[in-house]
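Peer 1: for reference, the sequence and a predicted model appear below.
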Amino acid sequence: MYDGQEELDNLVWDKNDEDWDESLKQMRLKTTCRQVEHLAELKYGKTATLISPLIIGGFNTIYRIHLEGVSPGVLVRLPGPSLAPIPRHFFYGRDPTLGSFIILQHVENRGSMSARLTTPNDDPSVTHVLNPDVAETTLQNLWTKAARCLLQLSQLSYPRIGALVEVDSGSYEIAGRPITHNMTDMVRLANIPCAVLPQEGETYGTADEWYVALAEMHLAQLVFQHNDLAGQAGQLSTFGFAEDDWSAQSSKIVPSTLSPAPAGSDSIRLWGDDFRAGNILLDESDDIAAVIDWEFAYAGPAQFILDPPWWLLLDLAETWSSGIDNWTETYDVRLKTWLSAMKRAEGSMGEPGPLPVALSTYMRESRETGRFWLNYSARKSWAFDAMYWKYLDEGFFGDRGDDISDHDLWKTRIHLLSEEEREAMEPFVERKMNESKERRIVDWDLTEAKQRFSEVLFD
């Protein structure tokens, strides 16, 4: 059985790393640093001085600036009263020289919750993994505080799925497409053309519509990732079938039928696609100093917030060194602590939450019913194949029998496709296998890409 993440396009990834390294060189130039200081001086009318070192994030670079006569300083971020403390944003916009920027409050902290809970290691590049020896009291303390943040965020509801856009000065509406972490990876690490992803200004009226859009993005990854997609025709058939069948079925079977969402929770809520322990900063007393990196936050299906956090073990299920089964076993043990912490947080809120039932109850039921894996795989293209065959397929479409090789799994579900879809499958696999013989980065023509994707979707 598949037991991990599908391969990204390593050729595109290498090119992205080269571009990022070159970008960092530009970000570190003295001329760039002086321009950032000048930008801060223009906004504040005070002498601005850069404080080293620069803070390099996965999608941005942060310059800490001291303003004469002002304490604390501010942060200038260039891309690349609340229980959820968010650094105050002073200015944002687009500078003709520096590009897009945000100037925000600098919050003193000792590091992230992820760094606090990971297995000790002197190498900062090692992926964080929850320390198996962490004290239960430490987990209860930190997770209760994180749970309070999630409880407050769960109170924010919206009329449509999408991104908040400033339509007038100080006035915001859901008027932009959701920008997800997965979409960014599709473009950066697999060279998926933007033309086949949700377009600017596209919003969604229901969770069903967004689940269909997510399924179609999984199919886009299958269609347009040129390198490292699959090694053999049988593997590609199984991989492709999962995406193709799920995309086809998602437009016919609503998610509430496949894995029932709790009654009365069909609203649209704020979802932080990159909300995780690594973006929760702690102070010296282990209180939350700030929650950062909201670039992938959007108004999404309520079902997402009703799941227990995917980040409890710090590392992803599909990249867990001991495999998905071990991740699941370890996760279920730690989930008991999380649910206990969530109940403590709910008890401390002093008033009923915005949902018909306690969030801790929804989270427990999500894990018991399988809704957790439905939403997890819906958001992650490169994890979808493993999650589909391991946790979703038989739950949705019945028993498929024993002793079936990974490469033959698709044959047990071929009847779910229409005759037209079945006839198109073999030529599609053959085309992908032939294309994969030449390793290159494809320069997609946007019109051609849209036409090719439309044919695959049978539009």
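Peer 2: Received, thanks. Residues are numbered from 1 along each chain as shown.
Peer 1: can you report how many residues lie near Ala378?
Peer 2: 25 (other Cβ atoms under 10 Å). All C-beta spots, glycine's among them, are computed from the backbone N, C-alpha and C.
Peer 1: which residues does it contact?
Peer 2: Applying Cβ atoms under 8 Å, 6 or more residues apart in numbering to Ala378 gives the contacts Tyr211, Leu214, Ala215, Phe384.
Peer 1: what about the third one, which SS state?
Peer 2: Same thing as Ala215. Recorded secondary structure, Ala215: helix (DSSP: H, G, I helix; E, B strand; the rest coil).
Peer 1: could you report the neighbour count for it?
Peer 2: 21.
Peer 1: could you number the chain from 647 rather than 1 from now on?
Peer 2: Right, with 647 as the first residue, what we last looked at is Ala861.
Peer 1: quick one: it from Met1033, how far?
Peer 2: With distances taken as Cβ to Cβ, to the nearest Å, Ala861 is found 13 Å from Met1033.
Peer 1: now the helix or strand encompassing Ser1012: buried residues?
Peer 2: Here Ser1012, judged by DSSP states H and E, is contained in helix 1005-1015. Buried residues in helix 1005-1015, counted by 16 or more other Cβ atoms under 10 Å: Leu1005, Ser1006, Thr1007, Tyr1008, Met1009, Arg1010, Glu1011, Ser1012, Arg1013.
Peer 1: go ahead and confirm the fifth one touches Leu985.
Peer 2: Yes - assessed by Cβ atoms under 8 Å, Met1009 is found in contact with Leu985 at 6.4 Å.
Peer 1: overlap in contacts of the two?
Peer 2: In contact with both Met1009 and Leu985: Pro954, using Cβ under 8 Å, 6+ apart.
Peer 1: would you mind measuring the gap between the ends of stretch 1030-1041?
Peer 2: Criterion Cα to Cα, to the nearest Å; first-to-last residue distance in stretch 1030-1041 is 15 Å.
Peer 1: on that earlier part again, what packs against the helix holding Ser1012?
Peer 2: helix 970-995, helix 1017-1025 (3 or more Cβ pairs under 8 Å, 6 or more residues apart in numbering; DSSP states H and E).
Peer 1: need the residues that contact that helix.
Peer 2: With contact meaning Cβ under 8 Å, 6+ apart, helix 1005-1015 is reached by 796-797, 800, 905-906, 908, 911, 951-954, 978, 981, 984-985, 988-989, 992, 999, 1001, 1017-1018, 1021.
Peer 1: contacts for stretch 794-806, please.
Peer 2: The contact list for stretch 794-806, computed with Cβ under 8 Å, 6+ apart, reads 728-730, 820, 849-851, 913-916, 918, 921, 926, 934, 937, 945, 951, 955, 988, 991-992, 994-995, 999-1001, 1005.
Peer 1: same question for stretch 918-926.
Peer 2: Outside stretch 918-926, the residues that touch it by Cβ under 8 Å, 6+ apart are 758-761, 763, 774, 792, 795-796, 799, 826-828, 934, 936-944, 946, 955-957, 960, 1025.
Peer 1: for ChimeraX, write the select line for the buried members of those.
Peer 2: Only the buried entries of the contacts of stretch 918-926 go into this ChimeraX selection, using 16+ other Cβ under 10 Å:
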select :758,759,760,761,763,774,792,795,796,799,826,828,934,936,937,938,939,940,941,942,943,944,946,955,956,957,960,1025
